[in-house]
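Q: Mind folding the following:
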Amino acid sequence: MPDIKDPLADAERQLEKQVERLDGEISTREDELAILRQQRQRAQAALRSLRGQADSSSRTRAGRGENRAAILAALQEEPGLTARELAERTAISRPTVTAALKRLSDEGIVRKARTERGVEHELT
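A: All right, here's what the predicted structure looks like:
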């Protein structure tokens, strides 16, 4: 009788790898979706402003964790960005990016490095 444990173990390992890969892909797409939602909100706010409909009560705020997700996604895609570059790529104000980077750095999630371009940021 042939030993079927090895093929089953191989199939199990392959399925585990596939699940891990899909989990990573889902996480990446959720980060991308958060960025797109935030950019859409900002575009809508700009459109309202151009139409003269904006007031202080109609301002849109990013949802809880959206700025953080957008910054982390941008750094994952392109390590070594400055705060200015992150602000441009994510459509988040520079002061908000700077504050978020400080929190992420304090939490040990982002590392800062001073270079000739300025202070670059990357994930730890």
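
Q: which residues in the protein form helices?
A: Assigned by DSSP state H, the chain shows helices spanning 5-50, 66-77, 83-90, 94-106.

Q: Distance of the residue nearest to the spatial centre of the chain relative to Q39?
A: Closest residue to the average C-alpha location of the chain: A73 at 2.6 Å, with CA atoms, centre = their mean. Per CB to CB, to the nearest Å, A73 is found 12 Å from Q39. C-beta coordinates here come from the backbone N, C-alpha and C atoms, glycine included.

Q: got it, and E88?
A: 12 Å.

Q: Check T96 too.
A: 14 Å.

Q: again with L22
A: For L22, the distance to Q39 - CB to CB - is 26 Å.

Q: the more surrounded of these two?
A: Neighbour comparison, L22 and Q39: the larger count goes to Q39, with 14 against 10 (by other CB atoms under 10 Å).

Q: quick one: contacts for the more buried one?
A: 90-91 (CB atoms under 8 Å, 6 or more residues apart in numbering).

Q: Output the below-cut-off pLDDT ranges for the chain.
A: 1-5, 53-59 (pLDDT under 70).

Q: ok, the residue nearest to the centre of the chain touching I35?
A: Yes - A73 lies in contact with I35 (CB atoms under 8 Å); the separation is 5.8 Å.

Q: Confirm for me that A113 is in contact with S105.
A: No - the pair A113 and S105 fails to qualify as a contact (CB under 8 Å) at a distance of 11.0 Å.
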